[in-house]
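Colleague: Build me a model:
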Amino acid sequence: QVQLVESGGGSVQAGESLRLSCAASGDSYSWYYMGWFRQAPGKVREGVAAIGSTGGTVYADSVKDRLTISRDNAKTTLYLQMNSLKPEDTAMYYCAADRIGWLLRPNYKYWGQGTQVTVSS
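Modeller: Have a look, this model is predicted:
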C-alpha cells in the first residue's frame with residue numbers, strides 16, 4: 001500500500017514556473033514506478049511524465065523540454081518541475097505509483113487526490 005499526497009499547484013501567468021511535489025508513504029517507495037498525470041475539465045486523463053525505480057524517464061511530446069520529473073528516494077518524494085507554462089497546461093495534476101511500469105498509461109494502482117494548476121495568458 002502506498003499513500004500519495006500532491007502539493008505545489010497554484011495560479012500563474014503564462015511563461016512562469018511551478019514545482020509540484022508528491023509525498024509518498026507506506027510501502028517501499030524506491031521500488032515503485034511513478035507518474036504524473038493531468039486532467040482538464042471534459043478531457044481524459046493524460047500521462048505527462050513517468051520515472052522508473054532507477055531514474056529512467058519518459059515524457060509526453062506536449063511537455064517535453066518544459067517539464068522535468070524527478071524523485072528523491074530518501075525523502076520518498078516525487079517532483080514535477082514545470083517551466084514555460086502555457087494556458088493549455090491548466091488541469092488537475094495527479095501523481096501515481098505502481099510496481100508495474102505503466103509509463104504514461106493511466107493503469108497505476110495508487111493515486112493521489114490531485115493539485116490544481118491554472119495558467120492564465
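Colleague: Centre-most residue in the protein?
Modeller: Residue closest to the average C-alpha location in the chain (CA atoms, centre = their mean): residue 36, at 2.3 Å.
Colleague: Packing partners of the helix or strand hosting it?
Modeller: Using DSSP states H and E, residue 36 sits in strand 33-39. Secondary-structure packing of strand 33-39 (3 or more CB pairs under 8 Å, 6 or more residues apart in numbering; DSSP states H and E): strand 18-26, strand 46-51, strand 67-72, strand 77-82, strand 91-98. (C-beta placed from N, C-alpha, C; glycine too.)
Colleague: 7 Å instead?
Modeller: Applying 3 or more CB pairs under 7 Å, 6 or more residues apart in numbering; DSSP states H and E, we find strand 33-39 packed against strand 46-51, strand 91-98.
Colleague: could you dump those strands to CSV with distance to residue 2?
Modeller: CSV is the format used below for those (distance: least, CB to CB, whole Å):
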stretch, distance to residue 2
strand 46-51, 15
strand 91-98, 5
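Colleague: just so I know, which of those lies nearest residue 11?
Modeller: Across the helices and strands packed on strand 33-39, residue 11 has its closest neighbour in strand 91-98 (12.7 Å, CB to CB).
Colleague: Return the closest one as CSV; C-alpha atoms alone will do.
Modeller: Provided in CSV are the C-alpha atoms of strand 91-98 (Å, rounded to 0.1, in the frame of the first residue of the first chain):
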residue,chain,number,x,y,z
ALA,A,91,-5.5,20.9,-15.3
MET,A,92,-5.7,18.9,-12.1
TYR,A,93,-2.4,17.2,-11.7
TYR,A,94,-2.2,13.7,-10.1
CYS,A,95,0.7,11.6,-9.1
ALA,A,96,0.5,7.8,-9.4
ALA,A,97,2.5,4.8,-8.3
ASP,A,98,2.7,1.1,-9.1
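Colleague: mind checking how far the next helix or strand after that strand is from the chain centre?
Modeller: Later in the chain than strand 91-98, the nearest helix or strand by DSSP H and E is strand 110-111. Here the centre of strand 110-111 is set off from its chain's centre by 11 Å, with CA atoms, centre = their mean, to the nearest Å.
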